[in-house]
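**Q** Fold the following, please.
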Amino acid sequence: MTNLLDELVYVSLEDARDTSSVLPDNPTLTDTNLTKLITQAQWIIDTYIQSFWEKVVSTQSFIFPTIDDAIPQDIQLATVWVTEQLYLEGTTLSVLKGEKITSESNMSRSIWYSDKGSYQEYIDTIGVPKKVINILNKYKSSFIWQVI
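**A** Numbering: from 1, shown residues only. Sure thing, here's the model as predicted:
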């Protein structure tokens, strides 16, 4: 069986390492592990955007490249930033788990979230870095919500 987290599309290993000051070029972060993190970042980005124009190949796994655009530079940058987040957390973001956070606690303080809040609100505020959300909102499909 092949590893499903080995499909680099949005950025190469070299571009990720050259762009980032967080992703070190040392033996603790091997090319294999960085490949997995980048692929997870690509899935997170696609989960947020949902859909964008027509794919170059209808069977491709990821949203980009599209017929009109190759892979936009800001999507490449967002991929690096999400990869950094995944690397620093040491685990996947809750976006991939599909879990909704209803409470958190830290030492003597606790906070509970309304279970009526939407999962999308959670993603917008916690699951993905804000600087990435600002980029991805340009690509988030607005025509999905239009009535034909």
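
**Q** In three-state terms, label the most centrally placed residue in the chain for me.
**A** Residue closest to the average C-alpha location in the chain (Cα atoms, centre = their mean): Ile44, at 2.9 Å. With DSSP: H, G, I helix; E, B strand; the rest coil as the basis, Ile44 sits in helix.

**Q** how close does it get to Ser51?
**A** Distance, Ile44 to Ser51, using Cβ to Cβ, to the nearest Å: 15 Å. (C-beta placed from N, C-alpha, C; glycine too.)

**Q** Can you name the element that comes right after the lowest-mean-pLDDT helix or strand in the chain?
**A** Least confident element among the helices and strands of the chain, by mean pLDDT, DSSP states H and E: helix 94-97 (a mean of 43). Reading on from helix 94-97 to the C-terminus, the next helix or strand found by DSSP states H and E is strand 103-106.

**Q** And that following strand, what does it pack against?
**A** strand 109-112 (3 or more Cβ pairs under 8 Å, 6 or more residues apart in numbering; DSSP states H and E).

**Q** For the strand it packs on, enumerate its sheet partners and note whether each is parallel or antiparallel.
**A** Using DSSP bridges, strand 109-112 pairs in its sheet with strand 103-106 (antiparallel).

**Q** Okay, now the unreliable bits of this protein?
**A** Where the chain drops to pLDDT under 70, the residues are 1-5, 90-103, 112-127, 141-148.

**Q** if we go to 90?
**A** Scanning the chain for pLDDT under 90 picks out 1-7, 21-29, 42-71, 84-148.

**Q** Do a quick rundown of the helices in the protein.
**A** Applying DSSP state H to the chain gives helices spanning 13-19, 31-49, 73-89, 94-97, 119-122, 130-136.

**Q** Quick check: the closest residue to Glu54 other than its chain neighbours vs Val57, distance?
**A** What sits nearest to Glu54 in space, not counting adjacent residues and going by Cβ to Cβ, 6 or more residues apart in numbering, is Ile67, at 4.8 Å. According to Cβ to Cβ, Ile67 stands 10 Å off from Val57.
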